[in-house]
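Q: Let's see this in three dimensions:
(one chain, ligands or ions: 2)
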Amino acid sequence: MANDDLLRKHKVTVVGCGNWGSVAAKLIASNALKLTAFHDEVKMWVHEETLPSGERLSDVINQTNENVIYLPGVKLGNNVVADPDLEHAVKDSDMLVFVSPHQFVEDVCMRLAGKIRKDVEAISLIKGMEVRVEGPCLISYLISRLLAVNCCVLMGANIANEIAMEKFSEATIGYKENKEVAERWAQLFSTPYLSVSTVEDVEGVELCGTLKNVVAIAAGLVDGLEMGNNTKAAIMRIGLKEMRAFSKQLFPSVMDQTFLESCGVADLITTCLGGRNRKVAEAFARNGGKKSFDELEEEILEGQKLQGVLTAKEVYELLRINGWLDLFPLFRAVHEICIGHIPPSAIVQYGEIHLPSSIPSSP
Ligand SMILES: NC(=O)c1ccc[n+]([C@@H]2O[C@H](COP(=O)([O-])OP(=O)(O)OC[C@H]3O[C@@H](n4cnc5c(N)ncnc54)[C@H](O)[C@@H]3O)[C@@H](O)[C@H]2O)c1
Ligand SMILES: O=P(O)(O)OC[C@H](O)CO
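A: Numbers count the residues shown, from 1 in each chain. Ligands and ions are numbered 1, 2, ... in the order given. The predicted structure is shown next:
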């Protein structure tokens, strides 16, 4: 690292203000005050909303130091500044933390293209993916391509509300080549209650975070059908195998070890036990599939967004294009259930019929 880089104070903007975005801002803000390498002030870009009182969310965050919609009851730190003007929020920053739901990232990046500093380092906390005509597109790749920046990822067993209450968790940073930058991100996120490790496997880490949301939908269906813990454990085991096989089919460089990090098996477990994807899928199964996921998301999540249903669709598209539908019966079933082609109970029938011998083994 060059000397001037070591001396410079890095300025951070969190691009997103949802449940995890707000917790990320809180974590970063507490570290920014303690660590000399970072500016005290942390910006948080707010996709502006008007509260029932008529006040603007960004104003309320700045007045109360609380995100009353997405993280009520938790102080973010006085050095967090909410800014509804995207360009203004990132103008002076050289470290950008992307944490919008994945369906909004492309639009956000297109608005930012050409408007950021040339020396920006990015990190994505976003769990999701896109499929393009040319093939699969990880969100970190999308950010890198649209903004011409290096982009690490941070994934892990990180239910935001628990980290907001400072309960112990672990997280995994995935990076490509530049370990020093990954260590700088780890320094920014690490606290006594969040232990962050780094792995040189950006695709593996990101795909773990992305694909576990599809398995969480399956786990929620099993809960809604009241099938019990053994069935749920089976779904998690089968899901983990499909996550690994699918990741390696897309990126042969993905490492087995990555699935044993927080981003892998630990995130899978926490999401299948306590995540939003699980919760909404449980309600879907309890309703016998009569209410759509979109309706239930709106009813249950109060503005927060699901990632698993969209990701299941993107994954299904890749399975179809590549002729892999029969190789990934769990992923396939989740999408077909989400769109109402088969009933929620099919989640286990698919597993029984196809699974034991058909998943490709590790290359
Ligand atoms: N919440 C968690 O526990 C958690 C933990 C780890 C990772 N994540 C991941 O973090 C990402 C962000 O999730 P979250 O929980 O912070 O958000 P959220 O679901 O709580 O909130 C939705 C966010 O979307 C924003 N939004 C709505 N419409 C928008 C638009 N048109 N353009 C831009 N933004 C818009 C809202 O302002 C809000 O900030 C997701 O990929 C999620 O999987 C979440
Ligand atoms: O609430 P979910 O299902 O979006 O999952 C939250 C986090 O990804 C858990 O690590």
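Q: Quick check: chain neighbours aside, which residue is closest to the closest residue to ligand 1 within the chain?
A: Proximity of the chain to ligand 1 (CB to the nearest ligand atom) peaks at Gly18, 2.1 Å away. Where you see a C-beta, it was placed from the backbone N, CA and C, and this is true even at glycine. Excluding the flanking residues, the one nearest Gly18 by CB to CB, 6 or more residues apart in numbering is Tyr70, at 4.9 Å.
Q: on that earlier part again, would you mind measuring from the residue of the chain closest to ligand 1 to ligand 2?
A: 10 Å (CB to the nearest ligand atom, to the nearest Å).
Q: which bits of the stretch 251-363 of the chain sit near ligand 1?
A: Gln304, Lys305, Gln307 (CB under 6 Å from any ligand atom).
Q: before we move on, back to that, before we move on, which element is the residue nearest to Gly18 in?
A: Assessed by DSSP states H and E, Tyr70 sits outside every helix and strand.
Q: Restricting to C-alpha, output stretch 127-137 in PDB.
A: Extracted as PDB, the C-alpha positions of stretch 127-137 are listed here (Å, rounded to 0.1, in the frame of the first residue of the first chain):
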ATOM      1  CA  LYS A 127     -28.000 -11.000  -1.400                       C
ATOM      2  CA  GLY A 128     -29.400 -11.600  -4.900                       C
ATOM      3  CA  MET A 129     -28.500 -11.900  -8.500                       C
ATOM      4  CA  GLU A 130     -29.600 -11.000 -12.000                       C
ATOM      5  CA  VAL A 131     -29.700 -13.000 -15.200                       C
ATOM      6  CA  ARG A 132     -28.900 -11.300 -18.500                       C
ATOM      7  CA  VAL A 133     -29.000 -12.500 -22.100                       C
ATOM      8  CA  GLU A 134     -25.200 -13.100 -21.800                       C
ATOM      9  CA  GLY A 135     -25.600 -15.100 -18.600                       C
ATOM     10  CA  PRO A 136     -25.600 -14.800 -14.900                       C
ATOM     11  CA  CYS A 137     -24.600 -11.500 -13.300                       C
END
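Q: which residues are in contact with that stretch?
A: Contacts to stretch 127-137, defined as CB atoms under 8 Å, 6 or more residues apart in numbering, come from residues 101-103, 106, 138-139, 142, 155, 206-207, 209-210, 212-213, 250, 307, 310-311, 314-315, 317-318, 321.
Q: Off-centre distance for the helix or strand harbouring Arg145?
A: Using DSSP H and E, Arg145 falls within helix 139-147. Taking CA atoms, centre = their mean, to the nearest Å, one finds helix 139-147 lying 15 Å from the centre of the chain it belongs to.
Q: same deal with stretch 201-218?
A: 8 Å.
Q: any bit of it sitting next to ligand 2?
A: Yes. Residues of stretch 201-218 contacting ligand 2 under CB under 6 Å from any ligand atom: Asn213, Ala216.
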